[in-house]
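Enquirer: Just a sequence and a predicted model for now, questions to come.
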Amino acid sequence: MKNVFFIMTHLGSGWEKLSTCLKEYPFINVYQTGNSYNHPDDILLLRNNFHSNKNIKSIWVDTILYNKDFTMKSLCNYYYFIFWTKPLKESLDEIIEKYNYKEKQAIDYYNYRLIGINQYYKRCKNNSINNPNLNIKGILDSIF
């Protein structure tokens, strides 16, 4: 299902800026649903969301912030992924202030999340881009 893809990221990464860039493509709608994808049928939860340009080119994008929310390891070949990360130093204050984590809890979340992101990046390299340059027009050209 190449009309669905995922942003694999973490709290405090600035994924909102990436989302804004993706929204410049009229055929892409970006969500942060909080859905958990544990079975192929769970994709229907995302595709049931309203799409502003519903036609054959429409693409639904969901932002995954927690390891528990995407556990479909065997399906990496069927979906596109954007891996979006920022160093801990640049993320920590936001995780603490915006999401009300204590410092140790924020560091643990970040480290655990990065392990999950790295594991999926290794599995999904053929259908993914890692930290695309948002200043370049056509940031998705490498996977479309």
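Expert: Alright, I've got the coordinates.
Enquirer: Break down this structure into its helices, ranges please.
Expert: Per DSSP state H, the chain has helices spanning 15-22, 43-47, 88-99, 103-124. These are given in chain order.
Enquirer: Could I have the CA atoms of the shortest one written out in CSV?
Expert: Taking only C-alpha atoms (Å, rounded to 0.1, in the frame of the first residue of the first chain), the coordinates of helix 43-47 have been written out as CSV:
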residue,chain,number,x,y,z
ILE,A,43,-4.0,0.8,8.4
LEU,A,44,-7.7,1.2,7.8
LEU,A,45,-7.9,3.4,10.9
LEU,A,46,-5.6,5.9,9.2
ARG,A,47,-7.3,5.6,5.8
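Enquirer: Would you mind pulling the contact partners of stretch 38-50?
Expert: When contacts are defined by Cβ atoms under 8 Å, 6 or more residues apart in numbering, stretch 38-50 is touched by residues 1, 4, 29, 31, 33, 35-37, 60, 62, 71-72, 75. All C-beta atoms are positioned from the backbone trio N, CA, C, and that covers glycine.
Enquirer: which ones are touching T33?
Expert: Applying Cβ under 8 Å, 6+ apart as the definition, the contact partners of T33 turn out to be L45, L46, N49, D62, T63.
Enquirer: so who does F81 touch?
Expert: Contacts for F81 (Cβ under 8 Å, 6+ apart) come out as F5, F6, I7, M8, Y120, Y121, C124, N127, S128, I129.
Enquirer: ok, now T9?
Expert: W15, L18, T63, I64, L65, F83, W84, T85, I117 are the contacts of T9 under Cβ under 8 Å, 6+ apart.
Enquirer: Could you tell me how far it is located from L44?
Expert: For T9, the distance to L44 equals 23 Å [Cβ to Cβ, to the nearest Å].
Enquirer: Quick check: ChimeraX command selecting the buried ones in the contacts of T33.
Expert: One line in ChimeraX is enough to select the buried ones among these; burial here means 16 or more other Cβ atoms under 10 Å:
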select :46,62,63
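Enquirer: which one among the contacts of T33 gets closest to E103?
Expert: T63 (24.3 Å; Cβ to Cβ).
Enquirer: Identify the residues contacting the closest one.
Expert: With Cβ under 8 Å, 6+ apart as the criterion, the residues that contact T63 are F6, I7, T9, W15, S19, V30, Y31, Q32, T33.
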